[in-house]
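*Asks:* 3D, please:
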Amino acid sequence: MTTVTTFDLTGHRVLIPGGTGAVGEGVVRAFLTAGAEVIVPTRSEGRSTEFRSLLGDAADEHLHLIVHDYTTFAGAKDLVEQIVRFRGGLDSVVAPIGGWWQGGLLTEISEDDWASAFTELATTHLAILRAALPHLAAKGAYTVIVGDSATRPVPGSGLVSMEQAALLMMQRVAAAESGESRRVFTLVLGQVTSRLAEGTVTVGDVGRVAVAISGTTAPSGSVGVHDAGEAESAIAALREAARA
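*Replies:* The predicted structure follows:
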């Protein structure tokens, strides 16, 4: 049975790059439900309109869609500076940036494969982290979303495993460098049920755990979510860690 895990994040400013994706949609919905001010960068006005339509009634006045390229260091820096200037600050970031790639053995990949499935995605993640982390309010959190491929090799999709493992280490380094001044998390997912696929954990579960990370004061760490039960346990553990 699902327990009551509602958090009141009224006024909490959260940036969700990758929020228009299948997993990102669940994260956006969860933060909107919690009352947060949700900032989602999109590739184009058309994509912005499409996503707002997809959210339906959930797309209220607390959803802020911005057409902006955040995939470079300069682009991410400009995006965060605009948020801080016009929103008065930034409390949290949740980054469900990425997708799946299945292109063959490592000995068969092309330079284009390497650039698109590893370099470009890893660069985007680092660009957002280096731009946003110094601006985060102490009460918020930076959360990177990865899959189990971060720790488990997937033959034929090795570039995904490598890129996800790099993000896992990025979080660990950022947490170690931040100490108690900033909270940095990874949210490690099993197979996800979304508008695009069937799995063992829903995007709603993912979103609720992401909200719990931002809504508590639990210290930096890695949180696994593979089914509804684990999501509930994670939320309870975050609450308990915040009390300790």
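*Asks:* what ranges do the strands span in this structure?
*Replies:* 13-15, 37-42, 63-67, 92-95, 142-147, 184-189, 192-193, 201-202, 221-225 (DSSP state E).
*Asks:* can you tell which of these is closest to Ile235?
*Replies:* Among the strands of the chain, strand 221-225 comes nearest to Ile235, with 9.4 Å by CB to CB. Using the backbone N, CA and C atoms, a C-beta is placed for each residue, glycine as well.
*Asks:* mean confidence score for that closest one?
*Replies:* On average, the pLDDT along strand 221-225 is 97.
*Asks:* any low-confidence regions in the protein?
*Replies:* 1-5, 244 (pLDDT under 70).
*Asks:* The residue nearest the centre of the chain bridge partners, please.
*Replies:* Centroid-nearest residue in the chain: Ala95, 2.5 Å away (criterion: CA atoms, centre = their mean). Beta-bridge partners for Ala95, by DSSP bridges, are Val144.
*Asks:* Out of the strands of the chain, which gets nearest to Gly158?
*Replies:* Smallest distance to Gly158 across these (CB to CB): 13.6 Å, for strand 142-147.
*Asks:* roughly how far is that closest one from the heart of the chain?
*Replies:* 5 Å (CA atoms, centre = their mean, to the nearest Å).
*Asks:* wait, doesn't Ala228 sit right on Gly204?
*Replies:* No: Ala228 is beyond contact range of Gly204, at 9.0 Å (criterion: CB atoms under 8 Å).
*Asks:* Between these two, which is the more surrounded one?
*Replies:* Legend: neighbour count by other CB atoms under 10 Å for Ala228 and Gly204, higher for Gly204 (19 against 16).
*Asks:* which ones are touching the closest residue to the more buried one other than its chain neighbours?
*Replies:* Leaving aside its sequence neighbours, Gly204 sits nearest to Gly26 (CB to CB, 6 or more residues apart in numbering; 5.3 Å). By CB atoms under 8 Å, 6 or more residues apart in numbering, the residues touching Gly26 are 194, 202-207.
*Asks:* which of those count as buried?
*Replies:* 194, 202-207 (16 or more other CB atoms under 10 Å).
*Asks:* need those in JSON lines with distance to Thr6, can you?
*Replies:* Shown next, in JSON lines, are those (distance: CB to CB, whole Å):
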{"residue": "Ser194", "distance to Thr6": "22"}
{"residue": "Thr202", "distance to Thr6": "17"}
{"residue": "Val203", "distance to Thr6": "18"}
{"residue": "Gly204", "distance to Thr6": "13"}
{"residue": "Asp205", "distance to Thr6": "14"}
{"residue": "Val206", "distance to Thr6": "16"}
{"residue": "Gly207", "distance to Thr6": "12"}
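*Asks:* Out of these, which is nearest to Ala59?
*Replies:* Gly207 (14.8 Å).
*Asks:* For that closest one, which non-adjacent residue is closest in space?
*Replies:* In this structure, Gly207 finds its nearest non-sequential neighbour in Ala30, 2.8 Å apart by CB to CB, 6+ apart.
*Asks:* how close does that neighbour sit to Thr123?
*Replies:* Remark: distance between Ala30 and Thr123 (CB to CB, to the nearest Å) = 27 Å.
*Asks:* now do Glu177
*Replies:* On the measure of CB to CB, Glu177 and Thr123 end up 19 Å apart.
*Asks:* of those two, who's got more company?
*Replies:* Under the neighbour definition other CB under 10 Å, Glu177 and Thr123 were set side by side, and Thr123 has more, 15 against 11.
*Asks:* check contacts around that one.
*Replies:* Counting by CB under 8 Å, 6+ apart, the residues that Thr123 touches are 71-73.
*Asks:* can you give me the offset of stretch 34-49 from its chain's centre?
*Replies:* Its chain's C-alpha centre and that of stretch 34-49 lie 14 Å apart, by CA atoms, centre = their mean.
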